[in-house]
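Asker: please find the sequence and the predicted model below.
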Amino acid sequence: MQKGKSAGKGDCAEREKYAGKGDCAEREKSAGRTMQNRRDMKGMSEVLRRAREYEAEAGRRVPEETRPSFHVTPTVGWMNDPNGFSLYQGEYHLFYQYYPYDVQRGPMHWGHCKTKDFVCWERLPCAIAPDTAFDGGGCFSGSAVEADGKHLLMYTSVMEDRLPDGSMRLIQNQSIAEGDGINYEKLPENPVITWEMLPEGCSWKDFRDPKIWKEQGQFYAVMGNRKLDGGNEGLLFLFSSEDAKNWKLEKLLDRGGGEWGGMWECPDFFALEKAQVLVVSPQFMKEKELEFREGSNSVYFVGFYDREKLEFARDKAYPLDYGMDFYAPQTMEAEDGRRILIGWMQNYENNLLPEGMLWTGMMTIPRELSLVGKRLRQLPVRELENYRRNKTDYTEICVSDVDGRISLDGIKGRSLDLNVEIQGGEYEEFTVWLACGEGCETALIYRKKEGIFTLDRSKSGMKNDQEPCRSMSVSEGAEVIDKLNMRILMDKVSLEVFVNDGMRVMSSLLYTPLAADKISFSARGRAVFSVEKYDL
Ligand code: FRU
């Protein structure tokens, strides 16, 4: 559910009017050099003012029906990682990596929205733009915290740096902007953490994505890094500060040891119940059975954090999500103590977009986290239940080989909250067919004996899809799960499946025409199941 301004078309000339002439690289330069230091009477830079004007106008022209109804999307243009997910003065703020002028990545800004209930979001003007000498190369990912009534944003400032031989390089440091929930000012002390503060041999070009928090009167922040020689290992550094301006390197808090990718992007580090959780999004991972895919993954480790010694002992790694579209999640603590996670529901490796779309990138539904042993349970925020309409339910429905696919009156749609529970029966395989229409369908298939659950979107309107299918194991060991339950959220172009009460999640996009809204069920053998559906 989106409130406030929405969106529209930006043709090339128009984009240039707002963004500056030329291609991306050139715009990057002009943002960095010419416009960055010009400010109006209120101190707002020309780069930010233009972005705000552009999104207000172009955003209005995005047809509302192309947007999901209860997920965050950019006002217009490109969106990636969630940033600055935080509570500020009683409201939840969410920022995002944003390039308003195109549906491709460009010099990064921070888009902005807020909510009271994680479901109904209000759009706010672009918060920060690459408009200073220290961040002209982009305002990359970061986080936020409330401090003394101010909203502090901590982000990676990408800076153009000239070497003595005249050549240029882009270095990554960390900077702070503080504001009132709408307007933000970058501190004169920026950048507050520089790559020079890292030990010898650490990379100046991969040092990013600070996650800031406050604990016992101190600020802490973790951020990702790697060795300058590439060394296939993610590094995680911990910094501390009394005032968020003067920072001290505490230590190398964790490292991937060659096993978990080559660079740890978007780290998050938080207490959950009696444990501590580290979330990282490693690049360049090797495929590992059904658990991890080749390339970028989002991984969590549950462990123990010794707050005196600042030491973290971690357990096994698990993926946060087994779907095709999930990356760079971030968490925050809600007012009532719940730990809420939100992720970018898209990916770099297989980034598909139907022609003519004026926005790209959406967030997952915010998820409540809890622990079951060393694994996370993730469930959609409970507030979503307030938006359910038109309940239709069935119990003890039988389906077997001879029935083919069966459909049930009232069970269809593309914007819904659907609970399916296999109640029992002698079945080998049970399938839920979603988004079915002419020539298209998306399948969720459970093979009981193997304990394997598969999402198949090979007929889901994704041309040149490199990853049409993904499977996951749903049991912990050899146990056979007979009574599998799945909660399925669809929001026009997205599908999120929470299996086994949220013990496994799969998130994916599907660009099937919205008229393809039929749902049916089939089995090999004979299965008995129940269904409960709400429109959203
Ligand atoms: C992850 C990421 C971050 C970086 C941002 C730039 O998706 O690569 O590491 O800060 O995107 O947009």
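Answerer: Alright, I've got the coordinates.
Asker: what is the mean pLDDT for whichever helix in the chain runs longest?
Answerer: When the chain is parsed with DSSP state H, its longest helix is helix 46-60. Across helix 46-60, the average pLDDT comes to 97.
Asker: give the buried residues for it.
Answerer: For helix 46-60, burial by neighbour count (16 or more other Cβ atoms under 10 Å) applies to 46-52, 54-59. In this view, the C-beta of every residue, glycine as well, is placed from N, C-alpha and C.
Asker: quickly check the residues you listed for the two that are furthest apart.
Answerer: Farthest pair in the buried residues of helix 46-60 (Cβ to Cβ) is 46 and 59. Separation: 19.3 Å.
Asker: using neighbour counts, pick out the buried residues of the strand ranked longest in the chain.
Answerer: For the chain, the longest strand by residue count, based on DSSP state E, is strand 518-535. Buried residues in strand 518-535, counting neighbours by 16+ other Cβ under 10 Å, are found at 518-523, 526-529, 531-535.
Asker: can you name every helix or strand that that strand contacts?
Answerer: strand 389-400, strand 415-424, strand 427-437 (3 or more Cβ pairs under 8 Å, 6 or more residues apart in numbering; DSSP states H and E).
Asker: give me whichever of the ones you listed is most buried.
Answerer: strand 427-437 (a mean of 21; mean count of other Cβ atoms under 10 Å).
Asker: count the neighbours of the nearest residue in space to residue 261 that is not next to it in sequence for me.
Answerer: Closest residue in space to residue 261, ignoring its immediate chain neighbours: residue 282 at 2.5 Å, by Cβ to Cβ, 6 or more residues apart in numbering. By the criterion of other Cβ atoms under 10 Å, residue 282 has 26 neighbours.
Asker: hmm, residue 258 and residue 282 touching each other?
Answerer: No - using Cβ atoms under 8 Å, residue 282 makes no contact with residue 258, being 11.2 Å away.
Asker: phi, psi for the residue in the chain sticking out farthest from the centre please.
Answerer: Farthest-out residue of the chain from its mean C-alpha position, per Cα atoms, centre = their mean: residue 402, at 42.0 Å. Taking degrees, to the nearest 10, you get phi -70, psi -20 for the backbone angles of residue 402.
Asker: where's it relative to residue 518, distance?
Answerer: Between residue 402 and residue 518 the computed distance is 21 Å (Cβ to Cβ, to the nearest Å).
Asker: which positions in the stretch 101-250 of the chain make contact with the ligand?
Answerer: Within the stretch 101-250 of the chain, the positions near the ligand by Cβ under 6 Å from any ligand atom are 108, 140, 141, 156, 208, 209.
Asker: got it, and the chain?
Answerer: Near the ligand, when you scan the chain using Cβ under 6 Å from any ligand atom, you find 80-81, 97, 108, 140-141, 156, 208-209, 265-266, 327-328.
Asker: residue 527 and residue 420 touch, don't they?
Answerer: No - Residue 527 is beyond contact range of residue 420, at 10.5 Å (criterion: Cβ under 8 Å).
Asker: quick revisit: which one of the residues of the chain next to the ligand sits closest to residue 410?
Answerer: Distances from residue 410 to the residues of the chain next to the ligand, taken by Cβ to Cβ, are shortest for residue 327, at 35.2 Å.
Asker: returning to what we had before: per-residue confidence at the residue nearest to residue 261?
Answerer: 95.
Asker: distance of it relative to residue 252?
Answerer: In terms of Cβ to Cβ, residue 282 sits 16 Å off from residue 252.
Asker: can you check residue 218 too?
Answerer: From residue 218 to residue 252 the distance is 19 Å (Cβ to Cβ).
Asker: ditto for residue 297
Answerer: 22 Å.
Asker: now residue 279
Answerer: 18 Å.
Asker: which of the two has more neighbours?
Answerer: When neighbours are counted by other Cβ under 10 Å, residue 279 comes out ahead of the other of residue 279 and residue 252, with 24 against 14.
Asker: so, low pLDDT: which residues of the stretch 1-150 of the chain?
Answerer: Along the stretch 1-150 of the chain, segments meeting pLDDT under 70 span 1-37, 41.
Asker: kindly recompute the last result at 90.
Answerer: 1-43, 65-66 (pLDDT under 90).
Asker: can you show me the strands along it?
Answerer: Using DSSP state E, counting those that start in this stretch, the strands of the stretch 1-150 of the chain run over 2-3, 77-88, 91-99, 109-115, 121-128, 138-147, 150-162.
Asker: over to stretch 198-206 now: how far is its first residue from its last?
Answerer: 12 Å (Cα to Cα, to the nearest Å).
Asker: what's it in contact with?
Answerer: 169-172, 195, 207, 224-229, 235, 237, 249, 252, 263 (Cβ atoms under 8 Å, 6 or more residues apart in numbering).
Asker: out of the buried residues of helix 46-60, who's nearest the ligand?
Answerer: Lowest distance from the ligand to the buried residues of helix 46-60 (Cβ to the nearest ligand atom) belongs to residue 51, with 15.3 Å.
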